[in-house]
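**Q** Coordinates only, no sequence provided:
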């Protein structure tokens, strides 16, 4: 069976002009800013391509840290007493509006988790900042946990993702 989408690192050969997520800030970032951020090594961008090579979604990953004090107490007490723990931030996730409702957002989130799990640099969790309540609901649906003090910032311990990946 041929996969409907293939995810690869965004490169200059990819045509970003037709992508439309119906979110002006995400569209503007993707068309005008992402290549500069990639060049400056402040983010990595992965693009989902349809069988005909059209970009139908993307996400970005970068390193970050979580304050130990921000984590739920039951999780924080299991970690070393450093002020911060390393994490991977999925800064942006977008799906072209013509491809919404096909599970691509969840597939991109799973791909981001897979990249974080394969990274040679240690990280405790994947972190996202939801732009609105609907986005926060999407991430909660996929198992991410809201920070108690910042309900729009959600995370998933990579050990949890790894255990789920094995099953």
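**A** Alright, I've got the coordinates. Just so it is clear, the model here is predicted, and its values are computed rather than measured.

**Q** which residues sit against the host helix or strand of residue 46?
**A** Element membership for residue 46 (DSSP states H and E) is strand 44-50. Here strand 44-50 makes contact (Cβ atoms under 8 Å, 6 or more residues apart in numbering) with 4-10, 14, 34, 37-38, 55-62, 95, 99, 104, 107-108, 111-112, 115. Where you see a C-beta, it was placed from the backbone N, CA and C, and this is true even at glycine.

**Q** try it again with 7 Å
**A** By Cβ atoms under 7 Å, 6 or more residues apart in numbering, the residues outside strand 44-50 that reach it are 5-10, 14, 34, 38, 55-61, 104, 108, 111.

**Q** Do a quick rundown of the helices in this structure.
**A** 24-28, 34-39, 73-76, 104-118, 133-141, 158-166 (DSSP state H).

**Q** For those helices, state which one has the densest average packing.
**A** Most buried of the helices of the chain, by mean neighbour count (mean count of other Cβ atoms under 10 Å): helix 104-118, with a mean of 18.

**Q** Can you name every helix or strand that that helix contacts?
**A** strand 5-9, strand 44-50, strand 55-67, strand 84-95, strand 125-129, helix 158-166 (3 or more Cβ pairs under 7 Å, 6 or more residues apart in numbering; DSSP states H and E).

**Q** Quick one: closest of the ones you listed to residue 119.
**A** The minimum distance between residue 119 and these falls on strand 84-95, with 6.9 Å, by Cβ to Cβ.

**Q** any low-confidence regions in the chain?
**A** Of all residues in the chain, those with pLDDT under 70 make up the ranges 1-3, 165-167.

**Q** Buried ones only from the contacts of strand 44-50, please, as a ChimeraX command.
**A** In ChimeraX, this line selects whichever of these come out buried by 16 or more other Cβ atoms under 10 Å:
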select :5,7,10,14,34,38,55,56,57,58,59,60,61,104,108,111
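
**Q** ok so, going back, pull up the pairing partners for the strand holding residue 46, direction included.
**A** strand 5-9 (antiparallel), strand 55-67 (antiparallel) (DSSP bridges).

**Q** Out of these, flag the one nearest residue 120.
**A** Ranking the strands paired with strand 44-50 by distance to residue 120, with Cβ to Cβ as the measure, places strand 55-67 first at 12.3 Å.
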